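# Predicted model and sequence follow; I will ask about them next.
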Amino acid sequence: MSSSPVENTDLLGGREIHLLRDQPSVFPNLQQLRSEFDFRILEIRLAGSTEPQFVLVTGEYRTVPTAALTPAFASLAELDAYAGTSREDIQHEFLFGFVNDDINLANDGLP
């Protein structure tokens, strides 16, 4: 797991991973978050790393410059386990975290 947040510039070269809906999911936590919130799973390669890593992002990651919702993990199984234990944190960041960031950015421009 990467300890630092994965920034939007790291996501743009990522490849989306699609889980099949019609078979029993091996990754139930990721499947549920994907269907409830339109999140996407990306396979990325961070600078200085040759191994692929996986992150959870919003469906608008290409057009809205936000960081990944999760740290980067070496496998989908690790990402699924994190999604299961941190579901509330992920949902809170998605539902409320970005709004606070937008307010702070807007206030920075005020005299």
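Alright, I've got the coordinates.
# from what I can see residue 77 touches residue 30, true?
No: Residue 77 lies out of contact with residue 30 (CB atoms under 8 Å); the separation is 9.8 Å. All C-beta spots, glycine's among them, are computed from the backbone N, C-alpha and C.
# Quick check: which element contains residue 71?
Using DSSP states H and E, residue 71 maps to neither a helix nor a strand.
# One more: the one 10 residues further on?
Using DSSP H and E, the secondary-structure element containing residue 81 is helix 76-85.
# Report all helices and strands that that helix contacts.
helix 28-37, strand 53-57 (3 or more CB pairs under 8 Å, 6 or more residues apart in numbering; DSSP states H and E).
# packing partners for the shortest one?
Yep, that's strand 53-57 we're talking about. Using 3+ CB pairs under 8 Å, 6+ apart as the test, strand 53-57 ends up in contact with strand 40-44, helix 76-85.
# How about residues contacting the last one?
Outside of helix 76-85, the residues that reach it under the criterion CB atoms under 8 Å, 6 or more residues apart in numbering are 1, 17, 26-30, 33, 41, 54-56, 70-71, 73, 90.
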